[in-house]
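*Asks:* Turn this into a model:
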Amino acid sequence: MTTLPHPSDIDLLGLTLDPDRRHGRFELVAPLVRPDGALYGGTAIAASVVAMEAATARPALWVTTQFVASARIGDVLECTTDVLAMGGRIAQVQVTGRCGDQVVFMSLGSTADPREGGMEGQYQTMPAVGPPEDADDTPFGPPHSHDAPGFTARVEYREAAALDQEEPTAPVLLWARLTGGLAATPAGIGFLADMVPAAIFRAAGMLRDGTQPMGATSLDNSLRFGRVPSDQEWLLLEMRGHMAAGGSAHGSVFVWTPDGLLVAVGGQSAKMVQARRAVATPMDGPGAS
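*Replies:* Alright, predicted model coming up:
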């Protein structure tokens, strides 16, 4: 039986849980923030998944995280989990992340024990791409290095080479993994997949400008999980930008294992800032949300 939450997720966040498993806290250290020192959105959604699984001892089914305020490196975030309903197999949960008296993020979600003999199926097909071993490190966001600022010290991204003809609005395809050989978990997917604004910028034909670099501030992030194998390290992020209105934009992500198993789907809304219209480059993105 899988121990929940996963010990690797606890270590990733440095999260400490109280004995009731419904209260916990973690410090925003360098690998959990954006390069500018502010809370990285993937940290909040990962912490929410861990809190949900800890309170219910069930694997995450879905989570939606709303970003209410920011926090800075060195701040301590307190996570409180309210189990709103505890059914025989499915629990409905709310997680609140606070810094002092300020609500920083709020998450709703469900955890669920799989039903033996229940409905199973996959109704999407993974894009045809080369394997991560053949992909080059991407210039997406800050460079990957153990000395890199922020969360990029904990992740590795490689731009996947599409093997079929690109669509008019091609998705951003990234191989992604956590450093240290950590296997994928729902919380780990949340940490890796908070990158949808990159696809929005590409779809809109926007690139960096020397005086006005691209940026995006996440408003929310949602993920819905399938079966996440315990032996997978690399994951493919298939990200698409869909639409924008009034400076806010929406996009989606599909998360695949190298052998084509769909393990998560999600969506993200973000405030798009400091960008200009130009010719799209092969890879350019906000680096963090």
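*Asks:* Quick check: buried residues in stretch 7-25?
*Replies:* In terms of neighbour count (16 or more other CB atoms under 10 Å), stretch 7-25 has its buried residues at Ser8, Asp9, Ile10, Leu12, Leu13, Leu15, Leu17, Arg21, Arg22, His23, Gly24, Arg25. The way it works is simple: take the backbone N, C-alpha and C, and place the C-beta from them, glycine included.
*Asks:* Averaged pLDDT, the helix or strand hosting the first one. What do you get?
*Replies:* Yep, that's Ser8 we're talking about. Applying DSSP states H and E as the criterion places Ser8 in helix 7-13. Helix 7-13 carries an average pLDDT of 97.
*Asks:* What segments of the stretch 51-200 of the chain are strands?
*Replies:* 60-67, 76-86, 90-99, 102-112, 155-159, 172-178 (DSSP state E, counting those that start in this stretch).
*Asks:* Listing partners with orientation, what would you give for the third one?
*Replies:* Strand pairing for strand 90-99, determined by DSSP bridges: strand 76-86 (antiparallel), strand 102-112 (antiparallel).
*Asks:* What residues of that strand count as buried?
*Replies:* Neighbour counts over strand 90-99 (16+ other CB under 10 Å) mark Ala91, Gln92, Val93, Gln94, Val95, Thr96, Gly97, Arg98, Cys99 as buried.
*Asks:* If I take the helix ranked longest in the chain and strand 102-112, what angle do their directions form?
*Replies:* Scanning the chain for the longest helix, with DSSP state H as the assignment, gives helix 41-56. If you take axes from the mean of the first three to the mean of the last three CA atoms, to 10 degrees, helix 41-56 sits at 50 degrees to strand 102-112.
*Asks:* which helices and strands does helix 41-56 pack with?
*Replies:* For helix 41-56, the contact count by 3 or more CB pairs under 8 Å, 6 or more residues apart in numbering; DSSP states H and E identifies helix 7-13, strand 23-27, strand 60-67, strand 76-86, strand 90-99, strand 102-112, helix 186-192, strand 215-225 as packing neighbours.
*Asks:* and if we set it to 6 Å?
*Replies:* With contacts taken as 3 or more CB pairs under 6 Å, 6 or more residues apart in numbering; DSSP states H and E, helix 41-56 sits against strand 60-67, strand 76-86, strand 90-99, strand 102-112, helix 186-192, strand 215-225.
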